[in-house]
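In: Predicted structure and sequence below. I'll ask about it afterward.
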Amino acid sequence: MRNIRYIIQKEFRQIFRNKTMIPLIFVLPFVQLLILVNAATMDMRNIEMIIIDHDLSALSRRLNDKFSQSPFFLLVKSGFSVEEAENEMLVNATDMILVIPEGFEQRLYREGKSGLQIQVDAINGMTAGLINGYASQIINSFNMELISETGKNTLLNLNPKNINIHYSFWYNSELKFKYYMVPGILTILLTIIGMFLASLNLVREKEQGTIEQINVTPVRKYEFIVGKLVPFWIIAMFELAFGLGLGKVLFNIPMVGNLLLLFAYASLYLAAVLGLGLLISTMSHTQQQAQFLNFFVLITFVIMSGIFTPAESMPHWAQNLNFINPLAYFMRVIRMILLKGSEFRDILKDFIAIFIMALTLLSLATWRYRKVS
């Protein structure tokens, strides 16, 4: 234990002597949370739209006002030419076109129904679906107002007598995408420190030639590895606490569950990614090689982890591959604990999976390190 303590002390001194390490520890989480959480959001605001009103009636103006007063839409132009509006969409000057046909009001009052046309830029299918959903909600609201005023079904042939729908959203009642993103950004932050920095630190020993000097000392292999990895485990746990504090202060993210349970799971998760970082370092001879391997592994794991979209939307073969992705486990668990208040029994399978993964990766990395030393 004394050898391990001395190695840990040496590592901390080297870390804090490194001028680039302090900004990574203290500035990186602040920048990631402040910029990425606001940038990587699926919340739609200021959707640019053009309204083509051929009717110019009182009802069409009311519908125009409904869209103009919505916090989701930004009216950039109104006119009478559908062709000109479509040309605006071709050059990305608008996201949606609403076409109100001539005789819109007259048909509503005479026939009890009428039609509208919505054109949405669907290059991004997810945003197109959201835009269409927002527009449909506004039109449905307008429709219900007319029904209550006239007592007749209009626009969508709804029957208001039998069904009243009230929505209740669990765990994120305000539908704030930031609540969903903050845990994901924290997961990436922990992974960068646990895997990326730890592996580069070990490869640096190879490049400087100090690893051969250490190998001829009485320090055992496991003592050297533990002494090398524990400082980054401690720093990453501090980063998690620091990041959670920033998330609460900056975004007021809910923390419904037990934070001790979250830190217990994070400790196992860090053991797994530290083992992965050690494994990458044993396969690399230079820091550049380690960086390329880290980027490849990190980008692949992040994309498949479900940080932006649910992992359940991936093909089944990709979902099956996720059982070897530690980010997917922690991404799911941190959201379950913080947002849902999940307890130990709810994440027991994830505990077992990450424990097996941590044990496997650390054992494989230690064996591989012995081969190359």
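Out: Received, thanks.
In: so how far is the lengthiest helix in the chain off the chain centroid?
Out: The residue-count maximum for a helix in the chain (DSSP state H) belongs to helix 221-251. Its chain's average C-alpha position is 20 Å from that of helix 221-251, according to CA atoms, centre = their mean, to the nearest Å.
In: For it, which helices and strands make contact with it?
Out: Other elements packing on helix 221-251 under the criterion 3 or more CB pairs under 8 Å, 6 or more residues apart in numbering; DSSP states H and E are helix 2-17, helix 21-31, helix 177-191, helix 198-208, helix 259-282, helix 348-372. C-beta: built from backbone N, CA, C; applies to glycine.
In: The residue most central in space within the chain in helix, strand or coil?
Out: With distances taken as CA atoms, centre = their mean, Ile307 lies nearest the centre of the chain, 3.4 Å away. Put simply, Ile307 is coil when judged by DSSP: H, G, I helix; E, B strand; the rest coil.
In: Identify the residues contacting it.
Out: Taking CB atoms under 8 Å, 6 or more residues apart in numbering, we find Ile307 in contact with Met181, Gly184, Thr187, Ile188, Leu327, Met331.
In: Keeping just the C-alphas, turn stretch 180-188 into PDB.
Out: The C-alpha trace of stretch 180-188 is given here as PDB (Å, rounded to 0.1, in the frame of the first residue of the first chain):
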ATOM      1  CA  TYR A 180     -32.300  15.400 -20.800                       C
ATOM      2  CA  MET A 181     -29.000  16.800 -22.100                       C
ATOM      3  CA  VAL A 182     -27.200  17.700 -18.900                       C
ATOM      4  CA  PRO A 183     -26.800  14.100 -17.700                       C
ATOM      5  CA  GLY A 184     -25.600  13.100 -21.200                       C
ATOM      6  CA  ILE A 185     -22.900  15.800 -21.200                       C
ATOM      7  CA  LEU A 186     -21.700  14.800 -17.700                       C
ATOM      8  CA  THR A 187     -21.400  11.200 -19.000                       C
ATOM      9  CA  ILE A 188     -19.100  12.400 -21.900                       C
END
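In: Buried by neighbour count: which residues of that stretch qualify?
Out: For stretch 180-188, the neighbour count (16 or more other CB atoms under 10 Å) marks Tyr180, Met181, Val182, Pro183, Gly184, Ile185, Leu186, Thr187, Ile188 as buried.
In: just to revisit the earlier point, if we only consider the contacts of Ile307, which is nearest to Ser81?
Out: Nearest to Ser81 among those is Met181, at 40.1 Å by CB to CB.
In: Spatially, and excluding backbone neighbours, which residue is closest to that closest one.
Out: Using CB to CB, 6 or more residues apart in numbering and skipping the chain neighbours, the partner closest in space to Met181 is Val37 (4.9 Å).
In: what residues are up against that neighbour?
Out: Here Val37 is in contact with Lys178, Met181, Val182, Ile185, Leu250, Phe251 (CB under 8 Å, 6+ apart).
In: switch the cut-off to 7 Å
Out: By CB atoms under 7 Å, 6 or more residues apart in numbering, Val37 lies in contact with Lys178, Met181, Val182, Ile185, Phe251.
In: Ok, Pro310 next?
Out: So Pro310 contacts nothing (CB under 7 Å, 6+ apart).
In: Please determine how far it is located from Leu246.
Out: With distances taken as CB to CB, to the nearest Å, Pro310 is found 25 Å from Leu246.
In: What are the phi and psi values at Met96?
Out: Backbone torsions for Met96, taken as degrees, to the nearest 10, come to phi -150, psi 150.
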